[in-house]
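A.B. asks: no letters, just coordinates:
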């Protein structure tokens, strides 16, 4: 990485602390198997004044989803199957058994909101609620599944392998790779976890179609974010129970370096070469895009990853949260990671001062702007 790009990213990182309330954060950028830039600073915990270091772990919310999907795709590959397998072949009581795994992973199942609440710590309860929910839409419509994505993937993985996503990830991916990216954190690593701090609504425009529904009980969007209970607050996420929950939707705990290195391994630039090219293809290839029935904004999804949607009129990216041509996943509050296959680059940002925004907000986009304007 040239000195100009380092200076631009470093300035944006420092400005987030000075001007935008950053408390503790890390940025990690890799290219072609080599770390290019590692930034970290601030506090992991305000009360104890513990410093945020490169080894600080933090909950990454939905930035977990791409890793969870990669695990399921790898398990399918090892079983001689593909993401075009119909869900009913693994889960006969799934409410839309004709849908493919690819359609489920790309948020086309219509099961973002359940017919009743279920607890994240009880997979069988979640499965029962899913099985008794009629899909709200059919492909090719899509809508983000913020929380139900987790138990759906867990059930599919358990039916395929006998194991849930978290234990399978630990045995077959995290431990062999030595990744600081956990889906189910062991007690031995609890001392490394920083404290999350909730975002503030000041300055946030709540008078938008999304927030009007999100803040109104009983609406489809409200239910999409509240159907699954158990770790549905920042306070709850700051507990060992949440860290151990291994939710494939939002239970990941990581360092920025662990996230960025994971994407390098997906790209095939960092040994060992665990993922076959088919897994990278499924994660990097758009399966559906257009207006999102949950987020009420254009989105694009592959088999488990977010991508930048294209303007139907011009074909150009409507935003560059994933570099325009990359894939990855955002997490609530600001955690963010993606890969750019064409350039072999991966980026990850983790932090503990959350922002209130449905997609990455100012602190994240300031870093992305500094990166993308200079590569």
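C.D. replies: Thanks, I have the structure now. Only a predicted model underlies this, so the values are computations on that prediction, with no experimental measurement involved.

A.B. asks: and residue 42, what helix or strand is that in?
C.D. replies: strand 34-45 (DSSP states H and E).

A.B. asks: wouldn't residue 49 be in contact with residue 42 here?
C.D. replies: No. In this structure residue 49 lies outside contact range of residue 42 using C-beta atoms under 8 Å: 10.6 Å. Yep, even glycine has a C-beta here, placed from its N, CA and C like the rest.

A.B. asks: quick one, helices of the stretch 101-250 of the chain?
C.D. replies: 101-105, 123-131, 149-161, 165-169, 175-177, 209-214, 220-226, 234-237, 240-244 (DSSP state H, counting those that start in this stretch).

A.B. asks: which other residues reach the strand holding residue 42?
C.D. replies: 1, 5-6, 9-10, 13-14, 17, 22-30, 49-54, 56, 194-195, 256-257, 260, 345, 352 (C-beta atoms under 8 Å, 6 or more residues apart in numbering).

A.B. asks: so how far is the very next helix or strand once past that strand off the chain centroid?
C.D. replies: Downstream of strand 34-45, the next assigned helix or strand under DSSP H and E is strand 50-51. Relative to its parent chain, strand 50-51 has a centroid offset of 26 Å by C-alpha atoms, centre = their mean, to the nearest Å.

A.B. asks: packing partners for the helix or strand following strand 50-51?
C.D. replies: Following strand 50-51 in sequence order, the next helix or strand is strand 58-59 (DSSP H and E). If contacts are counted by 3 or more C-beta pairs under 8 Å, 6 or more residues apart in numbering; DSSP states H and E, strand 58-59 sits against strand 252-254.

A.B. asks: helices and strands around the strand it packs on, which ones?
C.D. replies: Using 3+ C-beta pairs under 8 Å, 6+ apart: strand 252-254 touches strand 58-59, strand 181-183.

A.B. asks: avg pLDDT for the last one?
C.D. replies: Mean per-residue pLDDT for strand 181-183: 98.

A.B. asks: equivalent analysis for the shortest one, please.
C.D. replies: Regarding strand 58-59, the rounded mean pLDDT is 98.

A.B. asks: okay, the angle between whichever helix or strand comes after it and helix 149-161?
C.D. replies: Scanning forward in sequence from strand 58-59 by DSSP H and E, the next helix or strand is helix 65-78. If you take axes from the mean of the first three to the mean of the last three C-alpha atoms, to 10 degrees, helix 65-78 sits at 20 degrees to helix 149-161.

A.B. asks: fine by me, thanks again.
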